[in-house]
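Q: Build me a structure from this.
(2 chains)
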Amino acid sequence: MTVRLEQEIGRLYQAESRRILATLIRLLGDFDAAEEALQDAFSVALEQWARDGIPSNPRTWLVSTGRHRAIDRMRRDARFVSQLDESGDALTVDAADLPENESGVEDDRLRLIFTCCHPALAPDAQVALTLRTICGLTTEEIARSFLVPVPTMAQRLVRATGKIRDARIPYRVPPASELADRIDAVLAVVYLVFTEGYAATLGDELVRRELCGEAIRLGRLLVELMPTVSETSGLLALMLLHDARRDARSTPTGELVLLEEQDRARWNRQQIDEGVRLVDASLRSARVGPYAIQAAVAALHAKAPTPADTDWRQIAALYALLLERAPNVVVELNHAVAVAMVDGPETGLLLLDAIEARGELRDYHLLASARADLLRRLGRTDEAGKAYEAALGLVLLEPERRFLERRIRELQSHDSDRAQARS
Amino acid sequence: MQYLLLIYHNEQQTAASAAAANGDMRAEYRSFTESIAKSGHYKGGNALQPTNTATTVRVRNGKRQATDGPFAEAREQLGGYYLVDAKDLDEAIGIAERIPGARTGSIEVRPVLTVPMS
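A: Predicted coordinates:
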């Protein structure tokens, strides 16, 4: 076997294995059997192509070889007797079900996404299965990303594929009546992968970076597969714009750097440009969704050359729109902060009071630290100090804790400066 | 494929609701059952007497123990079931969501295990 052939097969695996797997799952009706069939097909290819050369359509060849191997295996394996009885016809019909054109292949990939993100699966199982089957990550890689022992992750995946098989979760794009809800579920899974990777300093930096990369790749795939759904562009834009700030949001020692203190030269311009273009496109759609609105906020931050240039008026308006669409107390907090930038800290404080009066977010450090920040800007140093202390008591992440401690020190030295100036 | 749709509800709440409301509920169940019988999904189903009529039986060390009541205290109790034929889980979920009790209690959708004949 030549090195070139091996390289060529390696390249094919990279480019096509996920598509082939999607079609095999449809043909075989079983995730694990399809995974085995995929590996079989590639090992047969290594042998046969060395002898006969590469076939004219390698993908179709691999699908049909994988399928034949799987059928042989099922016939030998008593486990599948009942399934063979039920789907025997489908297994004996040849080539008819092979997707001949690109759109047929992409239909299989879309079916796979909807099955992996089926609401009858637990959210963590949806995420794991999506990374495993659609992104092709190994069980070890997924376990490492979510700080879970490998056997736990393996069991989670086995349970999920077992439920798909035993409860017969269908392999299809949902009908129009359910599509909107189901698309939301798919977007939520992709966003969950992203936020897991973006969460401030939990776990290994490199692993988290990869997770964000996978989420963005999934986002691109969704845009490609469902170009008419504007929220797919909204979500991709949101992820690109946040990820563009990744390098600037922490110091080499892991210190958190707030948006207004970040070195904007270190933002990824190319990603920002792409994100902004996507935001503009999705804002033109008739029905602007929550991801697009959040992406629009991120775009306004990204477009401001300095913090002082930030268009807070428009950001406040976008948060108000988001509140109308999907009421959420964290969004309400963000809205209050934006309003404070436009109408002054006092107005912002009134909005924070309203949240606190309802008893919500009592344990959320960002509410206390937002209050502290507004009090600081009003020169109410004592109250600001108390609010920072309250935030410090609630904060969970080390870099955020260090940030709050620094703020408290600044307030104290500010105070002693003034004391010295008076004396 | 067959699915068992288990209807859970809060017995105390159901007992406390007005007789008229329970009458309406029975009428709704009748028309729902008719509709899934007509569509060919219906394989069987029943409402159950409340859990205060239940007896739990265990055999330990070859000795039978029969005790009063259901196995565990839970917020919701099993109040009835349907056995339906559906082509996949989505169809079964679609039937479950139309069960009148889904609006107040919850429906557990369980695929029936088919053991291959040897």
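
Q: Tell me the buried residues in the longest helix anywhere in chain B?
A: If you go by DSSP state H, chain B has its longest helix at helix B:19-38. Judged by neighbour count (16 or more other Cβ atoms under 10 Å in any protein chain shown), helix B:19-38 contains these buried residues: B:25, B:29, B:32, B:36. C-beta: built from backbone N, CA, C; applies to glycine.

Q: Which single one of those residues is nearest to chain A?
A: B:Ile36 (18.3 Å; Cβ to the nearest Cβ).

Q: quick one, what contacts the closest one?
A: B:42, B:82, B:84, B:95, B:98 (Cβ atoms under 8 Å, 6 or more residues apart in numbering or on different chains).

Q: could you say which helix or strand contains the fourth one?
A: In this assignment (DSSP states H and E), B:Ile95 forms part of helix B:89-96.

Q: pLDDT-wise, which helix or strand of the chain ranks last?
A: With no chain named, the answer covers chain A. Among the helices and strands of chain A, helix A:81-92 carries the lowest confidence by mean pLDDT, DSSP states H and E, at a mean of 50.

Q: um, chain B though
A: helix B:11-16 (a mean of 86).

Q: Quick one: name whatever helix or strand follows the least confident helix or strand of chain A.
A: Once the chain leaves helix A:81-92, the next helix or strand it forms, by DSSP H and E, is helix A:102-116.

Q: how long is stretch A:318-335 from one end to the other?
A: The first and final residues of stretch A:318-335 sit 8 Å from each other (Cα to Cα, to the nearest Å).

Q: what about it, distance to the chain center?
A: Centroid separation between stretch A:318-335 and its chain, computed with Cα atoms, centre = their mean, to the nearest Å, is 21 Å.

Q: in the host helix or strand of A:Val337, what counts as buried?
A: Using DSSP H and E, A:Val337 falls within helix A:329-343. Judged by neighbour count (16+ other Cβ under 10 Å), helix A:329-343 contains these buried residues: A:331-341.

Q: Same check on stretch A:71-78?
A: Neighbour-count burial for stretch A:71-78 flags A:71, A:73-74 (criterion: 16+ other Cβ under 10 Å).

Q: Turn the residues you listed into a markdown table, columns for pLDDT and distance to chain B.
A: Below are those laid out as a markdown table (pLDDT from 0 to 100; distance: Cβ to the nearest Cβ, whole Å):
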| residue | pLDDT | distance to chain B |
| --- | --- | --- |
| A:Ile71 | 90 | 18 |
| A:Arg73 | 87 | 17 |
| A:Met74 | 83 | 13 |
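
Q: With distance to A:Glu389 added, can I get those residues in TSV?
A: Shown next, in TSV, are the buried residues of stretch A:71-78 (distance: Cβ to Cβ, whole Å):
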residue	distance to A:Glu389
A:Ile71	68
A:Arg73	65
A:Met74	65
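
Q: For residue 51, the count of nearby residues, please.
A: In the absence of a named chain, chain A is used. Using other Cβ atoms under 10 Å in any protein chain shown, A:Arg51 has 7 neighbouring residues.

Q: try chain B instead
A: Around B:Thr51 sit 16 other residues, with neighbours defined as other Cβ under 10 Å.

Q: Touching the helix holding B:Ile95 from outside, list them.
A: Counting by Cβ under 8 Å, 6+ apart, A:118, A:120, A:167-170, A:174, A:178, B:3, B:5, B:36, B:41, B:82, B:84, B:86, B:102, B:107, B:109, B:111 sit against helix B:89-96.

Q: hmm, 7 Å instead?
A: Residues outside helix B:89-96 that contact it (Cβ atoms under 7 Å, 6 or more residues apart in numbering or on different chains) are A:120, A:167-170, B:3, B:5, B:36, B:41, B:84, B:86, B:102, B:107, B:109.

Q: Flag every residue of chain B that's near chain A.
A: For chain B, the contact set with chain A under Cβ under 7 Å from any Cβ of the partner chain comprises B:1, B:88-90, B:111, B:114, B:116.
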